[in-house]
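Undergrad: pasting the structure only:
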Ligand SMILES: Nc1ncnc2c1ncn2[C@@H]1O[C@H](COP(=O)(O)OP(=O)(O)OP(=O)(O)O)[C@@H](O)[C@H]1O
Ligand SMILES: N[C@@H](CCO)C(=O)O
């Protein structure tokens, strides 16, 4: 998160009058993250997170995110619970933006994830996929193949300022991924779609919670696996760590085994996941709003990851054995 929209103490106190959360003791903006504005609130009833939904979040989608968190929490996934105001609704408006309060989760996101964290994420992701199976509301993935071209168009003219020939590289990759190779028949369900290390909290080695469902949607479950391979299984120098990948995939597979078709599609899905984050980061990198408290993320990290996936010939390169997952 970040702070794009400031909120004065008296405005916040007025806003809180709609809730049964006691008196406001203190609050502060959270600089982490890039999508929405977030504040940590301390009230006489405890700690909470207030989110003001910004640019990339469509207001119509907010009921999906809020209901999903409630559904997952009720099905054993540790995630924040939306707090209902006195009118029974979790969604209101503050500073002209849709705003919601969610419960605070204890834990710390791992700055340097190790293989144990990766196994925790594998298990947590599989639990989320299983728990989401009977969630009734649907939301299409706005950032799947059809959504990448408009991002490219928004950044293309200045892409080469970030790295020479980046524009041509992205254009060729997009042509390939949108040219009929993207899978259409893999198992689908509710995916998190942004399960990065800053969205997973741990207490010690144990996963304590998953946050930030603002990209959650219905899509291929294996695409979520591919997003996590990108987000968790590379080193700071952007080299791939097969030990972490194996730990992640094995833990996932113990709860939800990937089908042969899903395994075979992993390299392609990983390329798609890499270009999705490369493109959103590139657009953000080139368009930091003046005065915003936000640190844009490095797009070129995902260029390097994408290059790696382009060199992968099969899911074996991610630590999977031909007969399926190693115990
Ligand atoms: N329920 C919660 N409990 C505790 N801390 C939270 C909670 N929700 C958010 N935070 C804090 O706010 C930070 C940013 O939250 P979040 O990742 O949801 O924001 P975002 O702008 O959507 O970010 P991203 O760039 O990851 O999409 C987290 O790293 C964490 O420090
Ligand atoms: N997790 C994303 C930011 C939020 O979409 C990234 O690291 O690019």
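TA: Okay, I see it. Please read all numbers here as calculations on a predicted model, not as lab measurements. Numbers count the residues shown, from 1 in each chain. Ligands and ions are numbered 1, 2, ... in the order given.
Undergrad: what's residue 116 in contact with, if anything?
TA: 205, 247 (Cβ atoms under 8 Å, 6 or more residues apart in numbering). Any C-beta I mention is one placed from the backbone N, CA and C, and that applies to glycine too.
Undergrad: so which strand or helix has it?
TA: helix 115-131 (DSSP states H and E).
Undergrad: Could you do residue 169 as well?
TA: helix 166-176.
Undergrad: Which strands or helices does that helix pack on?
TA: Applying 3 or more Cβ pairs under 8 Å, 6 or more residues apart in numbering; DSSP states H and E, one finds that helix 166-176 contacts helix 145-162, helix 260-286, helix 299-311.
Undergrad: Tell me which of those helices sits most buried.
TA: helix 260-286 (a mean of 22; mean count of other Cβ atoms under 10 Å).
Undergrad: before we move on, back to that, ok, which of the helices and strands packed on helix 166-176 comes nearest ligand 2?
TA: Ligand 2 lies closest to helix 260-286 among the helices and strands packed on helix 166-176, at 4.6 Å (Cβ to the nearest ligand atom).
Undergrad: so does the closest one get close to ligand 2?
TA: Yes - Helix 260-286 is in contact with ligand 2 by Cβ under 6 Å from any ligand atom, via 277, 280-281.
Undergrad: residue contacts, the residue in the chain that ligand 2 sits nearest to?
TA: For the chain and ligand 2, the shortest gap (Cβ to the nearest ligand atom) falls at residue 196, measuring 4.2 Å. Applying Cβ under 8 Å, 6+ apart, we find residue 196 in contact with 231-232.
Undergrad: if I look at the most centrally placed residue in the chain, how far off is ligand 1?
TA: For the chain, the residue sitting closest to the mean C-alpha position, by Cα atoms, centre = their mean, is residue 194 at 1.3 Å. Here the criterion is Cβ to the nearest ligand atom, to the nearest Å. By it, residue 194 lies 6 Å from ligand 1.
Undergrad: my guess is that residue contacts residue 219, does it?
TA: No - counting by Cβ atoms under 8 Å, residue 194 sits too far from residue 219 to count as a contact (11.9 Å).
Undergrad: Give me the below-cutoff pLDDT ranges for the protein.
TA: 1-2, 33-34, 292-293, 322-327 (pLDDT under 70).
Undergrad: redo that, cut-off 80
TA: 1-4, 32-35, 55-56, 289-295, 321-327 (pLDDT under 80).
Undergrad: Return the residues of it in contact with ligand 1.
TA: Close to ligand 1, as judged by Cβ under 6 Å from any ligand atom, the chain has residues 1-2, 30, 32-36, 38, 49, 80, 102, 104-105, 109, 194, 198-199, 211-212, 214.
Undergrad: roughly how far apart are the nearest residue in space to residue 112 that is not next to it in sequence and residue 3?
TA: Excluding the flanking residues, the one nearest residue 112 by Cβ to Cβ, 6 or more residues apart in numbering is residue 236, at 7.9 Å. Separation of residue 236 from residue 3 (Cβ to Cβ, to the nearest Å) stands at 26 Å.
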